[in-house]
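With the input below, show me the fold.
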Amino acid sequence: MTYLGVDTSNYRTSLAFYDAESRGASLSSRLLSVASGERGLRQSDALFAHVKALPELTRALYESRPASPVRAVGVSARPRDAEGSYMPCFLAGIAAAQAAACAYGVPLYEFSHQAGHLAAAAYGADALQLLRAPFLAWHLSGGTTELLYVEPGPDGIPRETVIGGTEDIAAGQLVDRAGVAMGLGFPAGPALEALTENAAPQKGFAVRVKDARFSLSGMENQVQTRLASGMAHEDAAMFVIATVTRTILTATRQALERHPGLPVLCAGGVMSNRRIQRAMRDAFGAFFAPPVYASDNALGAALLAAVREGEDIWTKS
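I've put the predicted structure just below:
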């Protein structure tokens, strides 16, 4: 059986097929365009961009559609599984998913964007077995920096509890704002990482971390001060990445003191950074997915729809 997933986050339109027989995945996605010098999109603009992108991406996805029939549709309907969690940009995906489910005559399942991130990251890391028992997970993206305690719910869908992370701006926001200040495009993550290839070593700033929680808002001023004093862009980029890395390493250690022995899964676009990955693997043996499954994508919604339909996605063929 095949499962269709739809996700319309604030910065990427994405659709995916998951083929339960081959355990293969097909993705069709597009990053939303942000004007030069801007640091993000208004929700109304993101929603309109998704509506425009969905028809073309749907046609592209169906060129690689598996032969088996679609059994269910999954969609990211909210940012997190929390009271009041809502973003208008997800309405575009919900509408497309409802239309597909009606056309196929199959069930539609709504999930959180965050739960989809975890499922897709576990798939990309070849570690879907993590979803069957408690684990820790980082969700680091342009809008989220949360350390999660995750356990399977009675329906098999991951249930997340926030146990750490930022109390103000997200790590991705810090990266993007620093990048824009250096004249980079938005989002700035890949370009900022490329700058660090020629940078001098940096320890980063010692952000105060207590009970795995921290504040990153002051780091934007730290970056601006260094740039104003003449620090090379390469070194400023390294300062940002080193600060984020140092901070999440400390938060993870503190969380593992409360939850010893749990594996750590890393999801979200910021976790695509190779320096962060290397540090987290060395310290905790953390699991990572390739960038296509670490950043925003619809595969997680398709995988979770398969779980709701009783598919065994965990046993390797």
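
List of residues touching the strand or helix carrying residue 45?
Applying DSSP states H and E as the criterion places residue 45 in helix 43-62. If you take CB atoms under 8 Å, 6 or more residues apart in numbering as the criterion, helix 43-62 is touched by 8, 10-11, 13-17, 26-30, 32-33, 41, 87-89, 91-93, 96. Bear in mind the C-beta positions are built from the backbone N, C-alpha and C, glycine included.

what do you get if the cut-off is 10 Å, keeping everything else the same?
Contact partners of helix 43-62, identified using CB atoms under 10 Å, 6 or more residues apart in numbering, comprise 4, 6-17, 26-35, 38, 40-42, 87-93, 95-96, 99-100, 298.

What about the residues you listed, which are in helices?
When DSSP state H defines the helices, the subset of those inside them is 90-93, 95-96, 99-100.

Among those, name the buried ones.
Neighbour counting with 16 or more other CB atoms under 10 Å marks 90-93, 95-96, 100 as buried within those.

Out of these, which comes closest to residue 215?
Of all these, residue 90 has the smallest distance to residue 215: 27.6 Å, by CB to CB.

show me what contacts residue 165?
138-140, 144-148, 171, 212-214, 216, 247-248, 251, 255 are the contacts of residue 165 under CB under 10 Å, 6+ apart.

Give the helix, strand or coil label for it.
For residue 165, the secondary structure call by DSSP: H, G, I helix; E, B strand; the rest coil comes out as strand.

so how far is residue 303 from it?
The spacing between residue 165 and residue 303, counted by CB to CB, to the nearest Å, is 24 Å.

which regions of the protein sit below the pLDDT cut-off?
By pLDDT under 70, the weakly predicted segments of the chain are 37, 316-317.

any idea which helix is longest in this protein?
Ranking each helix of the chain by length (DSSP H) puts helix 233-258 first.

elements contacting the helix or strand just after that one?
Next in sequence after helix 233-258, counting helices and strands by DSSP H and E, comes strand 264-267. Taking 3 or more CB pairs under 10 Å, 6 or more residues apart in numbering; DSSP states H and E as contact, the helices and strands that strand 264-267 lies on are helix 113-124, strand 135-140, strand 145-152, helix 233-258, helix 274-284, helix 291-294.

Tell me which of these sits nearest to residue 186.
Comparing these by their distance to residue 186 (CB to CB), the top pick is helix 233-258, with 14.8 Å.

just how off-centre is the closest one within its chain?
The gap between the average C-alpha position of helix 233-258 and the chain average comes to 18 Å, counting by CA atoms, centre = their mean, to the nearest Å.

With stretch 141-151 instead?
A distance of 9 Å separates the centroid of the chain from that of stretch 141-151, by CA atoms, centre = their mean.

for that stretch, which positions count as buried?
Of the residues in stretch 141-151, 141-150 count as buried by neighbour count, 16+ other CB under 10 Å.

Identify each buried residue in the helix holding residue 45, please.
When neighbours are counted by 16+ other CB under 10 Å, the buried residues of helix 43-62 are found to be 45-47, 49-50, 53-54, 57-58, 61.

just checking, residue 27 touches residue 17?
Yes - with contact defined as CB atoms under 10 Å, residue 27 and residue 17 form a contacting pair (8.2 Å).

okay, and the common contacts of the two?
When contacts are counted by CB under 10 Å, 6+ apart, the set common to residue 27 and residue 17 consists of 5, 61, 64, 298-299, 302.

which among those residues gets closest to residue 119?
The nearest member of those to residue 119, counting by CB to CB, is residue 299 at 7.5 Å.

Give the burial count for the closest one, as a bare number.
Residues lying near residue 299 (other CB atoms under 10 Å) number 30.

Hmm, residue 17 and it touching each other?
Yes - with contact taken as CB under 10 Å, residue 299 and residue 17 are classed as touching, separated by 8.7 Å.

Sounds good, over and out.
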